[in-house]
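Sequence and computational prediction follow.
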Amino acid sequence: VPPPTSSDVELMADAARVAAQKLALERPEAATTWAEALDNEILRLNAIKGAVAGWGQVDPAAAVDYVAANHPQYPELLTALYDVWAASDPAQAAAGPALPEDAGFRAAGRDAVAQAWAANDPVQAPAWVDTLPAAERTDAVMLAVVTGLSAVDPIAAWTRAQAIQDPSIQYRGLKAAFSTIVTRQPEVARDLLASATLSDTATE
């Protein structure tokens, strides 16, 4: 394997990820065993990511347990798993088997569910977010919902974006909603901008 700066490593990593994912659809334990045995760290991590994504399509609960038990230091593995799970069954991914107790894992899983659900069903995703405890309605979750909702209900998305705390993340959400409103209802956009409490930079 050439040095990590070589594009060959990226190509090999993609191949390892796809091979592990396909194998995991039929033999998840064999896929993770093969991935774990790879000597190169870059290839190994990408192969494991593929294996858990494939495993998540057939037995997501077992895949979550595997990641939590073996790779808690890599929340991106859980994100890959929940991306797949939430894309096929967001409600089940969000509700159970309950997101891991570990705070970092729980956040990674929740963010992945929010992104996948909002992209595939922007109407239902906000309703789920509204049921979360306030502490779990993070800026990342809110931005995912706002981004998805902007295409179907940009005014509602604009309203939700104003609840985002981080100024830079809030700006991204407001911009996503506002760009659609401006195109569809420029007069409404003007009124919303005039009544909003934004920084001078964001307003400009």
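Done, it's in.

Relative to D111, how far out is A86?
Using C-beta to C-beta, to the nearest Å, one gets 10 Å for the distance from A86 to D111. For the C-beta atoms, the positions are set from N, CA and C on the backbone; glycine is no exception.

err, A127, not the other one
18 Å.

These two: which has the busier surroundings?
D111 (19 against 10; other C-beta atoms under 10 Å).

next one: phi and psi at that one?
phi -60, psi -40 (degrees, to the nearest 10).

Would you mind listing the residues in contact with it?
Listed by C-beta atoms under 8 Å, 6 or more residues apart in numbering, the contact partners of D111 are T79, T138, A140, V141, A144.

if I read this right, the third one contacts I169, doesn't it?
Yes - judged on C-beta atoms under 8 Å, A140 makes contact with I169 at a distance of 7.5 Å.

Can you give me every residue that contacts R160?
P126, M142, V145, V146, L149, G173.

Please disregard the earlier target; I meant D153.
P122, V123.

lowest average confidence, helix or strand, in the protein?
The helix or strand of the chain with the poorest confidence is helix 90-95; it has a mean of 76 (mean pLDDT, DSSP states H and E).

which residue is nearest the centroid of the protein?
Centroid check for the chain by C-alpha atoms, centre = their mean gives A112 as the closest residue, at 2.7 Å.

State the distance from the nearest residue to that residue once chain neighbours are set aside to M142.
Among residues not flanking A112 along the chain, Y82 sits closest, at 3.5 Å (C-beta to C-beta, 6 or more residues apart in numbering). Distance of Y82 to M142, computed by C-beta to C-beta: 18 Å.

So for those two, which residue has more residues nearby?
Y82 (31 against 24).

Do I have it right that that one meets V113?
Yes - if you go by C-beta under 8 Å, Y82 and V113 touch, sitting 5.7 Å apart.

okay, and the common contacts of these two?
Among the neighbours of Y82, those also in contact with V113 (C-beta under 8 Å, 6+ apart) are A93.

Let me see the contact set for the closest residue to I155 other than its chain neighbours.
Ranked by C-beta to C-beta, 6+ apart and with sequence neighbours excluded, the top spatial neighbour of I155 is I181, at 6.4 Å. Counting by C-beta under 8 Å, 6+ apart, I181 makes contact with P154, I155, W158, V188, A189, L192.

Tally up the residues packed near the first one, please.
Put plainly, it is P154. Neighbour count for P154, taken as other C-beta under 10 Å: 25.
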